[in-house]
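1. generate coordinates for the sequence data below:
(chains A and B)
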Amino acid sequence: MDLAYKILIDPFMQMGSAPDLLVQTLWEGLVAGVLYSLIALGFVLIFKASGVFNFAQGIMVVFAALTLVGFHQLGVPAFLALGLTITVMLGLAFTVERVMLRPLVNQPDIILFMATFGLTYFLIGFGEFVFGGNPKKMITADLYLPSGAYDIKMFGGFVSLQKIDIAAAVIVSIMVVVLAIFFQKTRIGRALRAVADSHKAALSVGISLNQIWVVVWFAAGIVALVTGIMWGARSEVSFSLQIIALKALPVLILGGFTSIPGAIVGGLIIGIGEKLGEFYWGPLLGSGIESWLAYVIALIFLLFRPQGLFGDKIIERI
Amino acid sequence: MRMKLSIIAGAVALATAMTSAPPPAAAQDSIYIPLFTYRTGPFSGSGIYIAEGMRDYLEMLNQRDGGIGGVKLQLEECETGYDTKKGLECYEAVKDKKPVVINPWSTGITLPLIPRAAVDKIPVLSMAYGLSAAAVGDTFPWIFNPPATYWDGGSMILSYIAGKEGGGPEKLKGRTIGYIYLDAGFGKEPIPLFEQLSKDYGFTLKLYPVAGTEMQNQSSQWLNVRRDKPDYMIMYGWGALQPTAVKEAVKINYPMDKFISIWWPSEDDAAAGGDGSKGFKVLNWHAVGADFPAIADIKKHVTDKNLTQTDKNHIGKVLYNRGIYNSILIAEGIRNAQKLSGKKVVTGEDVRRGLETLNIDAARYKEMGLEGFAGPVKLTCQDHNGHFATYMQEWDGTKWVRLPGELKAMTDKVNPLLEAAAKDYTDKAGNWPKRTEACDKAS
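-> Sure thing, here's the model as predicted:
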């Protein structure tokens, strides 16, 4: 009875008695969710174009952020460093396409998946060789990203909104809209969807597979750079950031591997769900439930929608 | 063309075979010391400093003195990434080369090595980390963890808090103390002590575990802190956990002078919160800074000659000096072993005896060019830790500032718990071998 009270009644009593903390929890969940969406977006872009789960997305986040900070440490002004980093990510996209993907056209998906493992370890080694293993500080002030917080008094308490979190939410929203327009409304976007359906069919109507792959890997590189800047500002720029990419897995399970809206909505559900779960129900289980709660939320959704929230229903003739 | 390809393929195969062949075993005229380090991965922020200090001091002994007792030290790093699995692979890779001591530099790696140390006859030096109960030398003759255990450290922090409250441990009654920690072997290690002391002294303990995958995503834990309003926060963190925790504490306006950590945060970790992290406190037991003749010798004989990967700006930082301290213990253990055994090229068994008779007093520190670097260390067959005093240092926004006074472990509480934990360990292990190693007179 006591346990039932703690699970079913007490959390809601807490929400009512300290609404400022509820609002704060929702805000933290929203910010985390937006950032999870951003990571998931990188995976979705590449999956849509090649049907491959890009295991290297996490290390691309680290690589992009380290390149940015690395250029700045060499004395390059922040925005020029940003431009140079974008150029490096474009170079990476070209190299990946030329060296890794092109020789593997029409190979089974598992081969491409394993190739992304190889890319991950290459980027880890190359990144450590060039930048060293020392954690670095993100150049937030030089990029004119805000610091500090707005403390808003409400419900007899306060809600603290970090300016960098607000900036993250705004930048990510703009990015998502731009990417959605790019992939839904432009010629390249339509070509991308064709490639996603079938490499062979796309090739037969004159779509350049190579060009499309460069475009999506470059887009995923830009997403990785923004992710690295935002997560780096919250903590530090180090190789531990690649672990954060694992957070995209439950988001992808939930949202579907091929849906940009799915990545966004999935990220928000996971972000808000895990923060609420950890804050109100976590103490019942000794706290620290966040690391697995996201997967539980995703699995519950899968029971009802196995293809994910926005994933395509696959019907195959047998 | 085909022939050309065959030649290239042959050359590649040969090069692969040559580079993957195991390195030669330790030469008979040198002492082999493997250094388990992590200069890469999520914990490199802490690991790089330690690897640098640890290696540079031993390399300095090689360059300046020709090793120890005229015998060169053969140093070999093995990168563990703070990963237990990789650490055990490192152990397997080095154990046949007759290492004289193993420094796991991870509680997770230390724990599985404890039962193997006596079998392989290789002492394990887990300096101020690892299994706290390993301080009981009669039960764990091959494990050494000076100068203080995690349990000592926990009790020192509680003593400090009680002092801030104006008295002894009874002042903890009615207080709420939060504990944020890496949810792994290391972070869980002091929980039994905290739980026992919370019963004994009547304070409420709140636990905030942080999973390894969530080190940079701690907003939930700090929301809980904001709700629970603990009077003090204690941290046992490592790697990216620490700067993120400092940032989050600043973010929720937690009073930083009440946020106290065990001895692992670096200057970078403390600085992560900007001006807001002023007042953050950390235990320490050795000096910070480079103003010592021995460190000048490191610069002269090692870093200035580019015999190291060390970033010169790291010299004298707290974790760099921690690495030096670790190597002082190794070097003194070897020196003792040479005296005790009468041999120049000592073995793991000799160094176990050397560590057990470790006695570094103020005069010895002066001889080493490290006068005032740290407090004396004296180990015995029964006590492999010493439970030596530490001090509190405070972050002033740019550097650590030593606070006056020393902090002693609550040995009356900690030691019986350690004895009980050691007994519990051996009971659970079953057939734990009784100590057969003789106790040297010097001990």
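
2. every contact and neighbour count from this point should use C-alpha atoms.
-> Fine.

3. give me every residue in the stretch 201-350 of chain B lying close to chain A.
-> With Cα under 8 Å from any Cα of the partner chain as the criterion, the stretch 201-350 of chain B meets chain A at residues B:207-211, B:213-214, B:216, B:219-221, B:223-224, B:227, B:240, B:243-244, B:247, B:251-252, B:272.

4. could you turn the buried ones of those into a PyMOL selection?
-> Buried residues among those (16 or more other Cα atoms under 10 Å in any protein chain shown), as a PyMOL selection:
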select buried, chain B and resi 207+208+209+210+211+213+214+216+219+220+221+223+224+240+243+244+247+251+252+272
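
5. strands - which of the residues of the stretch 201-350 of chain B next to chain A land there?
-> Among those, DSSP state E puts B:Leu207, B:Tyr208, B:Pro209, B:Val210 in strands.

6. for the second one, list each beta-bridge partner.
-> In this structure, B:Tyr208 has the following beta-bridge partners (DSSP bridges): B:Ile180.

7. what's the distance between it and A:Leu26?
-> According to Cα to Cα, to the nearest Å, B:Tyr208 and A:Leu26 sit 20 Å apart.

8. cool, and the third one?
-> According to Cα to Cα, B:Pro209 and A:Leu26 sit 21 Å apart.

9. repeat for the last one
-> Counting by Cα to Cα, the gap from B:Val210 to A:Leu26 is 20 Å.

10. ditto for the first one
-> Look at B:Leu207 and A:Leu26: by Cα to Cα, they are 22 Å apart.

11. please spell out which residues along stretch A:159-173 are buried.
-> A:Val159, A:Ser160, A:Leu161, A:Gln162, A:Ile164, A:Asp165, A:Ile166, A:Ala167, A:Ala168, A:Ala169, A:Val172.

12. the helix or strand harbouring A:Leu254 vs chain B: in contact?
-> In the assignment (DSSP states H and E), A:Leu254 maps to helix A:248-255. No - on the criterion Cα under 8 Å from any Cα, helix A:248-255 is out of touch with chain B, staying 12.3 Å away.

13. helices or strands next to whichever helix or strand comes after that helix in the packing?
-> Next along the chain after helix A:248-255, taking DSSP H and E as the criterion, comes helix A:260-276. When contacts are defined as 3 or more Cα pairs under 8 Å, 6 or more residues apart in numbering or on different chains; DSSP states H and E, helix A:260-276 packs onto helix A:19-50, helix A:248-255, helix A:290-304.

14. deepest of those, which one?
-> Of all the helices and strands packed on helix A:260-276, helix A:248-255 has the most neighbours on average by mean count of other Cα atoms under 10 Å in any protein chain shown, namely a mean of 27.

15. touching, A:Met138 and A:Gly232? I think so.
-> Yes - with contact defined as Cα atoms under 8 Å, A:Met138 counts as touching A:Gly232 (5.6 Å).

16. give me the element A:Tyr150 is part of.
-> Secondary structure (DSSP H and E) places A:Tyr150 in strand A:149-154.

17. what does that strand contact?
-> The contact list for strand A:149-154 (Cα atoms under 8 Å, 6 or more residues apart in numbering or on different chains) reads A:Asp20, A:Phe158, A:Val159, A:Ser160, A:Leu161, A:Gln162, A:Lys163.

18. ok, and which of those reach chain B?
-> Checking the contacts of strand A:149-154 against chain B by Cα under 8 Å from any Cα, the ones in range are A:Ser160, A:Gln162.

19. just the ones in helices from the contacts of strand A:149-154, please.
-> Counting by DSSP state H, the part of those found in helices is A:Asp20, A:Lys163.

20. need the contacts of strand A:149-154 in TSV with pLDDT and distance to B:Val119, can you?
-> Output for these, formatted as TSV (pLDDT from 0 to 100; distance: Cα to Cα, whole Å):
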residue	pLDDT	distance to B:Val119
A:Asp20	91	58
A:Phe158	86	59
A:Val159	90	58
A:Ser160	89	56
A:Leu161	92	57
A:Gln162	90	55
A:Lys163	92	57
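
21. what residues does the stretch 201-318 of chain A put near chain B?
-> Listed as neighbours of chain B in the stretch 201-318 of chain A under the rule Cα under 8 Å from any Cα: A:234-236, A:238-241, A:243-244, A:275, A:278-279, A:286-288, A:291.

22. at 6 Å what do you get?
-> Contacts of the stretch 201-318 of chain A with chain B, taken as Cα under 6 Å from any Cα of the partner chain, map to A:Ser235, A:Phe239, A:Ser240, A:Ile243, A:Lys275, A:Gly288.

23. report the two of the residues you listed separated the most.
-> The distance between the two most remote of these (Cα to Cα) is 24.4 Å, for A:Phe239 and A:Lys275.

24. leaving out chain neighbours, which residue sits closest to A:Ile229?
-> Closest residue in space to A:Ile229, ignoring its immediate chain neighbours: A:Ala65 at 6.0 Å, by Cα to Cα, 6 or more residues apart in numbering or on different chains.

25. residue boundaries of the strands in chain A?
-> Secondary structure of chain A by DSSP E: the strands cover A:149-154, A:157-162.

26. can you give me the buried ones in the first one?
-> Buried positions in strand A:149-154, judged by neighbour count with 16+ other Cα under 10 Å: A:Ala149.

27. and stretch A:175-184, by the same measure?
-> Result for stretch A:175-184 [16+ other Cα under 10 Å]: buried residues A:Met175, A:Val176, A:Leu179, A:Phe183.

28. out of those, which one has the lowest pLDDT?
-> pLDDT is lowest at A:Phe183 among the buried residues of stretch A:175-184; the value there is 79.

29. fine by me, thanks again.
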